[in-house]
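Engineer: Quick one, fold the following:
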Amino acid sequence: MFDIVSPDAIASGRATDAYFQRTREALDGAGRDPHVVCEVTADQFPSGEFEIFAGIEDAANLLAGRDLDVSALREGQLFDGGPVMRIEGNYLEFAELETSLLGFLSPASAWATGAREIATAARDRTALSFGARHVHPSTAAALERSALVGGMDGFSHVGAGDVLDRAASGTMPHALVIAFGRGNQEQAWRAFDEHAPEDVPRIALTDTYADETEEAVRAARAVENLDGVRLDTTGSRRGDFEHIVREVRWSLDDAGFADVEIFVSGGITAEAVRQLRPYVDGFGVGSAISDTPPTDFGLDIVERDGEGAAKRGKLTGAKSVYRVGDSHVVQPAEAPAPDDGESLLEPLIEDGEIVREFDIDDAAERCAQDAERVGFRAE
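Structural biologist: Coordinates of the predicted model:
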């Protein structure tokens, strides 16, 4: 029904670039299958421009069950150069899997990085991922997992919640208000209040027809114990959005609704989060996460049959990556570890078996600690 490559095709290596099929045909025909060390990298040397590593659970499941040993960073760790994954084994064990492997890691790491930037800007404010509408539905769970790893407090996609065993967040769209018609906003807000599950926060969308300040006060009067209002005004109508938000806060306070919180969404960027944070209690962020350009990972052979081998522009030989203080050190794998160095490449698969567990909360905590340690996108 849909343009979706099946999980079976991914696992079998059919979800690949055609030249890997040609490579297998050539190597099989020539009777060659070298033992190789391959590395996944974005930058060869540390650059100081940190990103967040994500997508590792899918990558591990892709490589598991094959005669391989794999080491990798932990989910949520920050990196700025050197390998994030090392694969050892006969090349034809995984040749056709390169396309899918990088496809698991590249967008996931980008989404986590975009989410971390938002979470850093939001500080103690609530930040939710609203970006699933910008990606193919088959990748929504990967997006939302990466958003959580990056530090978002929740997400809106119901199907992703089913996969990740997390409840999706969300209240009402403009469509609900429009369904009741202009002038009948109170009916829409009350219908939501009367019929939404009890554990769903009572947050009214208050910018559909009238001025934001007017609708916000009307909603607070219409719904007893309203938790908050959400402003999702399109960019073409906002003008000075900071001024609008401050005016809504003033009007709610003046009308006796100081406990009604304000949430904003719609084209929110990290810069907007920093600007609005003093006046806003929560943010819904979509494209600033989902549209983060994929991390430009590549997979390259660096050793063949025990000897250094790499193409031009790549560093030959297996490498180790260490964190020393707030920076990274990349060096040959056989070199002694630097003083006080923490090795970042840890076993992921041994003899084809996955040897680590994956926990979103642990990864998010690791990401937050790493981000603070290196001053990620510090304001």
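
Engineer: residues of the host helix or strand of A272 that come out buried?
Structural biologist: If you go by DSSP states H and E, A272 is part of helix 270-276. Applying a neighbour-count criterion of 16 or more other Cβ atoms under 10 Å, one finds 270, 272-273, 276 buried in helix 270-276. C-betas here are computed from N, CA, C, even on glycine.

Engineer: Count the neighbours of the nearest residue to P107 once chain neighbours are set aside for me.
Structural biologist: Spatial nearest neighbour of P107, excluding adjacent residues (Cβ to Cβ, 6 or more residues apart in numbering): P294 at 4.8 Å. Counted by other Cβ atoms under 10 Å, the residues lying close to P294 total 14.

Engineer: Could you number the chain from 31 rather than 1 from now on?
Structural biologist: Done: numbering now begins at 31, and the last item shifts to P324.

Engineer: where do the helices sit along this structure?
Structural biologist: In the chain, the helices defined using DSSP state H lie at 37-42, 48-60, 86-93, 128-152, 170-180, 188-194, 204-210, 215-225, 242-252, 265-268, 271-284, 300-306, 317-320, 390-404.

Engineer: which of the ones you listed has the lowest average pLDDT?
Structural biologist: Ranked on mean pLDDT, the bottom entry among the helices of the chain is helix 265-268, at a mean of 64.

Engineer: Contact partners for the closest residue to G189 other than its chain neighbours?
Structural biologist: Excluding the flanking residues, the one nearest G189 by Cβ to Cβ, 6+ apart is A170, at 6.0 Å. Counting by Cβ atoms under 8 Å, 6 or more residues apart in numbering, A170 touches 162, 187, 189-190.

Engineer: Redo those residues as CSV? Include distance to S357.
Structural biologist: Putting these into CSV (distance: Cβ to Cβ, whole Å) gives the following:
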residue, distance to S357
A162, 35
H187, 36
G189, 40
A190, 35
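
Engineer: Select only the buried ones of these in ChimeraX?
Structural biologist: The ChimeraX command for the buried members of the contacts of A170 (criterion: 16+ other Cβ under 10 Å) is given here:
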select :162,187,190
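
Engineer: what's the pLDDT at D63?
Structural biologist: D63 is assigned 97 on the pLDDT scale.

Engineer: quick one: it and G119 touch, right?
Structural biologist: No: using Cβ atoms under 8 Å, D63 makes no contact with G119, being 9.9 Å away.

Engineer: burial of E383, as a residue count?
Structural biologist: Per other Cβ under 10 Å, the neighbour tally for E383 reads 10.

Engineer: Show the contacting residues for it.
Structural biologist: E383 makes contacts with A94, as judged by Cβ under 8 Å, 6+ apart.

Engineer: ok, what's across the strand from it?
Structural biologist: According to DSSP bridges, the residues that bridge with E383 are E380.

Engineer: thought R276 was touching Y309?
Structural biologist: Yes: judged on Cβ under 8 Å, R276 makes contact with Y309 at a distance of 5.4 Å.

Engineer: if we can go back for a sec, okay if I get the buried residues of helix 300-306 as JSON lines plus distance to D370?
Structural biologist: Output for the buried residues of helix 300-306, formatted as JSON lines (distance: Cβ to Cβ, whole Å):
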{"residue": "A300", "distance to D370": "32"}
{"residue": "A302", "distance to D370": "39"}
{"residue": "V303", "distance to D370": "35"}
{"residue": "L306", "distance to D370": "41"}
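
Engineer: Please report the distance of R279 from I298.
Structural biologist: According to Cβ to Cβ, to the nearest Å, R279 and I298 sit 17 Å apart.

Engineer: Compare these two (neighbour count), which wins?
Structural biologist: Comparing R279 with I298 by other Cβ under 10 Å, the one with more neighbours is I298, at 25 against 22.

Engineer: The more buried one contacts V315, correct?
Structural biologist: Yes: applying Cβ under 8 Å, one finds I298 in contact with V315, separated by 4.9 Å.

Engineer: From the chain's centroid, how far away is stretch 363-370?
Structural biologist: The chain centroid and the centroid of stretch 363-370 are separated by 32 Å under Cα atoms, centre = their mean, to the nearest Å.
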